[in-house]
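Q: Okay, predicted coordinates and the sequence, questions at the end:
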Amino acid sequence: MSSHKELPVSPLAPERFPNMPKVGGMETATLSLGLYKGRTRDDLLVVHFPDGASAGGVFTTSSTRSDDVDWGREALKSGGGRARVLVVNTGNSNAFTGAAGIAKNRATIASAVKLAGCKPHEVFVSATGVIGEPLPPHIVSGGVEKVWSSLGTPDWEKAANCIRTTDTFAKAAGEIADLNRRNVAIAGFAKGSGMIMPNMATTLNYVFTDAALTPRVCQALIARLCDVTYNCITVDSDTSTSDTLMLFATGAAGGEPIDNPDDPRLAGFTEALHRVLLDLATQIVRDGEGASKIIEIEVTGAASDTSAKAIACSIANSPLVKTAIAAGDANWGRVIMAIGKSGEPVERDRISLWFADHLVASDGARSPGYSEDTATRAVSGQEVSIKVDIGIASGKARVWTCDFTDGYVKINGAYRS
């Protein structure tokens with residue numbers, strides 16, 4: 001069970017929780033299971049789709065993944081991408097818990113099956129929190145049974161707050177999109193602050209729409225858009241055991257379900273979903289543990305898009321780059337170092353580097369027009385832009401990260417104390 005204390009709100013947090021659209025065909029409820037020692041807060045979320053929903057999801061590539069992740073993958077495959085219930089608990093990740101982890105999930109799924117009158121593979125489970133602590137099976141399953149009668153119209157802020165761990169603010173985003181001349185709603189919420197280096201998605205993230213989409217389309221869209229949103233953020237280079245990103249489509253807005261992910265009628269909806277996912281992903285970076293700045297890193301001219309992303313991540317994950325930015329130090333040599341250590345194809349004398357719009361290095365040396373004062377101003381605000389052109393081809397990528405302050409050490413040093 002987790003015991004970390006309430007943390008000061010990130011200086012990069014949005015001013016307020018967003019106004020969220022109403023998504024038909026779903027209901028939610030939250031409950032406190034007491035998984036946070038010394039604190040009373042909701043740590044169980046239940047989502048019910050009375051008429052069912054199409055589902056798609058991507059999960060962590062970690063080889064020490066949780067039993068919940070194993071179940072989610074299996075459920076999507078065996079259940080054909082149909083969903084009736086989602087159960088999420090925080091305070092305990094149910095990862096590396098052996099037979100106890102499987103027993104916890106079996107009990108939770110059995111309770112949901114009984115209450116919803118559905119099949120086991122229509123139930124999805126997620127957990128986040130401390131790794132390696134077994135959780136008695138009856139705790140979560142009993143909570144599901146207790147909270148079921150409270151299900152009702154989604155309270156997005158309550159749901160988003162429920163799934164937080166070291167997050168300092170609740171993360172949510174939503175839009176109304178046009179789909180085949182119908183207004184459809186998209187609403188999502190996320191948790192994430194540390195252990196953020198996605199290899200699919202990151203932490204726990206759920207997006208809901210009342211659009212009529214088949215499971216095939218849900219899976220294709222979430223996988224495709226994950227690569228340009230969640231897979232482009234990092235806080236500390238650590239990939240979680242529990243990473244889950246899921247899209248649920250209830251079809252409550254009406255219309256014939258769209259079954260082709262390349263259907264031109266999906267264009268506007270896909271763009272809106274992209275914006276929602278990117279909003280959620282960058283909110284996670286804004287809430288990076290101890291963060292005081294958000295950093296956007298753009299790499300162009302690389303051997304390939306994959307190479308560009310590897311270089312961008314090498315910069316984003318460098319403790320030396322991140323601590324320099326935290327101090328407002330325009331130490332551009334650390335960025336050059338991070339490019340070189342990436343192992344990607346690079347020609348030293350073709351590299352160009354900018355802090356914001358100020359060219360600091362090119363042609364294998366510091367730029368003749370370099371200004372220490374201008375470069376320092378570029379890295380002193382809450383939003384920092386680093387641009388790199390490798391100069392050998394057309395590969396490009398964009399990655400978001402945050403700085404490293406002493407707050408990161410304090411938060412993680414006290415996580416279990």
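A: Sure thing, it's come through. Residues are numbered from 1 along each chain as shown.
Q: for residue 45, what are its contacts?
A: By Cβ atoms under 8 Å, 6 or more residues apart in numbering, the contact set of residue 45 is 28, 29, 30, 86, 87, 88, 89, 159, 162, 163. Bear in mind the C-beta positions are built from the backbone N, C-alpha and C, glycine included.
Q: Next, the buried residues of the helix or strand harbouring it.
A: Assessed by DSSP states H and E, residue 45 sits inside strand 44-59. Buried residues in strand 44-59, counted by 16 or more other Cβ atoms under 10 Å: 44-49, 52-59.
Q: Out of the residues you listed, which is nearest to residue 65?
A: Residue 65 lies nearest to residue 59 out of the buried residues of strand 44-59, by Cβ to Cβ, at 7.1 Å.
Q: so how many other residues sit close to the residue nearest to that closest one when sequence neighbours are not counted?
A: The shortest distance from residue 59 to any non-neighbouring residue, by Cβ to Cβ, 6 or more residues apart in numbering, is to residue 69 (4.7 Å). For residue 69, the neighbour count with other Cβ atoms under 10 Å is 26.
Q: where does the nearest residue to residue 370 once chain neighbours are set aside land in three-state SS?
A: In this structure, residue 370 finds its nearest non-sequential neighbour in residue 360, 5.4 Å apart by Cβ to Cβ, 6+ apart. Under DSSP: H, G, I helix; E, B strand; the rest coil, residue 360 falls in the strand class.
Q: pretty sure residue 360 is touching residue 331, no?
A: No: applying Cβ atoms under 8 Å, one finds residue 360 not in contact with residue 331, separated by 10.3 Å.
Q: which residues does residue 367 contact?
A: 359, 360, 361.
Q: and those as a markdown table, adding pLDDT and neighbour count?
A: Written out in a markdown table, the entries for the contacts of residue 367 read as follows (pLDDT from 0 to 100; neighbours: other Cβ atoms under 10 Å):
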| residue | pLDDT | neighbour count |
| --- | --- | --- |
| 359 | 98 | 18 |
| 360 | 98 | 25 |
| 361 | 97 | 19 |
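Q: ok, so of these, who is nearest residue 386?
A: residue 360 (9.6 Å).
Q: any idea how far residue 332 is from that closest one?
A: 5 Å (Cβ to Cβ, to the nearest Å).
Q: what's the overlap in contacts for these two?
A: 353, 366, 375.
Q: Show me the beta-bridge partners of residue 248.
A: Per DSSP bridges, the residues bridged to residue 248 are residue 55, residue 208.
Q: got a pLDDT number for it?
A: The model reports residue 248 with a pLDDT of 98.
Q: How many neighbouring residues does it have?
A: A count of nearby residues for residue 248, using other Cβ under 10 Å, gives 28.
Q: mind listing what it touches?
A: Contacts of residue 248 (Cβ under 8 Å, 6+ apart): 26, 47, 49, 53-55, 83, 86, 206-209, 218.
Q: Return the mean pLDDT over stretch 402-417, rounded to an integer.
A: Average pLDDT, stretch 402-417: 71.
Q: For the protein, give me the ranges with low pLDDT.
A: 1-6, 38, 193-202, 236-241, 411-417 (pLDDT under 70).
Q: quick one, strands of it?
A: 27-31, 44-59, 82-92, 123-130, 171-179, 182-191, 204-209, 244-249, 294-302, 352-355, 358-362, 365-366, 383-389, 395-402 (DSSP state E).
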